[in-house]
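The following comprises the amino acid sequence and a computationally predicted model.
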Amino acid sequence: MGVTDPAGPVMDRDEVDRALARLGAEHEAIETSLLALQDHAGRRLLEGAELTGVTKERWAVTDTAITLLWAYFDTYTAALRSAREIRGRRRWSSREDLVELTELLRGESVTVAGSTTGSPARLSERFSLESLVDRMNDLYAAGLDLVVAADAVWSALPARIDLLAAELRRTRTLAHSVGVRPGEHPAGDDLERITRTLTDLRERVVSDPLAYWTARAGSSAPGGGRPDTTVYDREARALEEVRREIDAVLTVRQDAEQRLVRLRDVLSRADRTLAEARTARGEVLAKIAATEVPVVGGPPTVLQEQLAAASEYRRHGQWHRLSPLLESLEQQAEDELLRARASLTEVTAPLAVRAELRGRLDAYRAKVTRHGLAEDPFLIERYDAARRMLWSAPCDLRVAEQAVLRYQRAAAELLGGPGAPGRGGEGNGRGETS
C-alpha cells in the first residue's frame, strides 16, 4: 500500500495509540462473539439439520453471511496487525508512519474480495476499519437473531410436544380399555386426529423452526420474540376434552352396576304403581257409579329393552355405549315413575272423594253427639240415608254428596248455627260450626 496524504488531518501518536487500543478492544469483543456464535447449540443444529421452508431459505443466506463475517474478521485482523507493526517500528513514529497509520485507521484502506453483500454483487469492496466493524456487527446481529430464534423454538416446542404425545399415548391406552376406539366413538376419532396432528407438528417444528417463531414488534434484542404455540395449545385443549370424556366413561364403569340396580328399582316401582292403578280402576268401576275412569296403560316395553341392552353393554365392557344409554334411561325411568304415580292419583280420585264425604259425615255425627242430639229422629234419618249411599256399591257420588249436605244443614239448624252451604247442589256450603 503506498503512502499518501490522507484526506483529513494526520493523526498524532496519541491519537494513533488510542485508536489502536479501541480497535484492539473491538477486535477482542468481535472474536469472542464470533466464537460464541460458532459454538452456539442453535447454529450447530441448523448446520446439521435437514431444513425445509422458511428456515431453509433464511439459513442459506445466514450461513453465507456468517462465512463472510469470518472473512471480514480475518481482513480486519490483518489490517489491525499491519497497523500495530507500523506503530511498532519505532518509539517515536515518523510523519510517514503517521500518514500511513492515518490512512489505515481512518481511510477506506481495507479491501474485501468476493463480497456478495452489495446489489448487484461486487468483485470487491473497500471499507474503513470503523465501517467494517459496523458491517460485522450488522451481520452478527442478523445471524445471532436467526440462530437464537431457531434454538428457542427447538428448545421449547419439541419437548412439550413429546410430553403431550406421552400423555396422548396413556390416554389412548385408557380409552381402548373402556372401548373408546376410532370409528366406534367420537373421542376415539379425536385421539387419532390429535396423534396425526402432533406427529406432523413435531416434524415441521424440527425441520422448519422459524415457521413457528413470532418476532416481538419493536424488539432489537437477538431472538426478540417467542415460539408460536397456537397449534400445540389447540391440540392440548382437545386432548384435555377427550380426557374428560374418558373420565366420564371410567366413572360409568366404576358405578355401572349400582346405577343399573337403581334403574331396575325405579322401573319396578313404576310397574307396581301402574299395577296398583289398574287394580284401583277395577275397584272404582265396581264401587262408584256414573264415573269416567281413565284407562291405565301398561309399562313401556322399550325401557325394559333398553335396560337389557345396558346390561349387555356392561357385561361386554362397552362402557362408551353404556354411558349415554344410562343417562337417558335414568331420566326416562324417573319420568315413567312420575307418570305411573299421576295415573294412580287420577284413577283413585273418585275413591278419594268418597273417603272425604265419609269423613265429613262422621265428623258431623261426632259433633251432634257431643251436643246430645245423636238420638234426634230427623238427624238419624238424614244420617242413615247418607251413610247407605256412601257405604253401598255402586255409589253415586253426586247424590251421596247432596245427602251429606242435607245432614250437615239439619245438624246446623238444630245446633243453632248457620245453614250448611252446598257444593253445586242444595245450599251453598258445609255449614260447619265449632
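Cool, the structure landed.

only C-alpha atoms for contact and neighbour calcs from this point on.
Fine.

Can you give me the buried ones in the helix or strand of the chain with the lowest mean pLDDT?
None of the helices or strands of the chain scores lower by mean pLDDT, DSSP states H and E than strand 110-113, at a mean of 74. Judged by neighbour count (16 or more other Cα atoms under 10 Å), strand 110-113 contains these buried residues: 110, 111, 112.

Quick one: the helices in this structure, in order.
13-39, 41-48, 53-87, 95-106, 129-177, 186-207, 230-287, 301-315, 319-347, 349-370, 377-390, 397-415 (DSSP state H).

and those helices, which one is worst for confidence?
For those, the weakest mean pLDDT is recorded on helix 95-106, namely a mean of 79.

Let me know the angle separating it from helix 13-39.
Inter-element angle recorded for helix 95-106 and helix 13-39: 40 degrees (by axes from the mean of the first three to the mean of the last three Cα atoms, to 10 degrees).

and the angle from helix 95-106 to helix 53-87?
Using the same axes, to 10 degrees: helix 95-106 against helix 53-87 is 170 degrees.

measure residue 414 to residue 367 for me?
Distance of residue 414 to residue 367, given as Cα to Cα, to the nearest Å: 12 Å.

higher neighbour count, these two?
More crowded of residue 414 and residue 367, by other Cα atoms under 10 Å: residue 367, with 18 against 15.

now the least confident helix or strand of the chain: how far from the chain's centre is it?
Its chain's average C-alpha position is 61 Å from that of strand 110-113, according to Cα atoms, centre = their mean, to the nearest Å.

partners of it in the sheet?
Strand pairing for strand 110-113, using DSSP bridges, gives strand 124-127 (antiparallel).

Now do the same for the strand it pairs with: mean pLDDT, whole number.
pLDDT averaged over strand 124-127 gives 78.

Extract the CA atoms of it and return them as PDB.
Extracted in PDB, the C-alpha atoms of strand 124-127 (Å, rounded to 0.1, in the frame of the first residue of the first chain):
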ATOM      1  CA  SER A 124     -14.500  -6.400  -4.100                       C
ATOM      2  CA  GLU A 125     -15.500  -3.800  -1.600                       C
ATOM      3  CA  ARG A 126     -13.500  -1.200   0.300                       C
ATOM      4  CA  PHE A 127     -14.100  -0.300   3.900                       C
END
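
If you count neighbours, what's buried in that strand?
Applying 16+ other Cα under 10 Å to strand 124-127 flags 125, 127 as buried.

Please shift the residue numbers so they start at 436 in all later answers.
Okay, residue one is now 436; in that scheme the one you just asked about reads as strand 559-562.

and that strand, how far out from the chain's middle?
Worked out by Cα atoms, centre = their mean, strand 559-562 lies 60 Å from the chain centre.

What does the pLDDT read for residue 865?
38.

And residue 654, by the same measure?
For residue 654, the pLDDT comes out at 57.

next one: residue 436
For residue 436, the model assigns a pLDDT of 38.

quick one on the thing from earlier: present the buried residues of strand 545-548 as CSV; the columns should include distance to residue 780.
As requested, those are arranged in CSV below (distance: Cα to Cα, whole Å):
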residue, distance to residue 780
545, 109
546, 108
547, 105
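
which one of these sits closest to residue 769?
residue 547 (89.9 Å; Cα to Cα).

domains for the protein, by residue range?
What automatic domain parsing lists as the domains of the chain is 448-580, 584-685, 686-782, 785-850.

Quote the end-to-end distance of the third one.
For domain 686-782, the first-to-last residue distance is 41 Å (Cα to Cα).

what distance separates it from the centre of its chain?
Using Cα atoms, centre = their mean, the offset of domain 686-782 from its chain centre is 36 Å.

follow-up on the earlier one: who touches the least confident helix or strand of the chain?
506-507, 510-511, 514, 539, 558-564 (Cα atoms under 8 Å, 6 or more residues apart in numbering).

and if you look at stretch 708-719?
Applying Cα under 8 Å, 6+ apart, the set of residues contacting stretch 708-719 is 728-734, 772, 775-776, 778-779, 782-783, 785-786.
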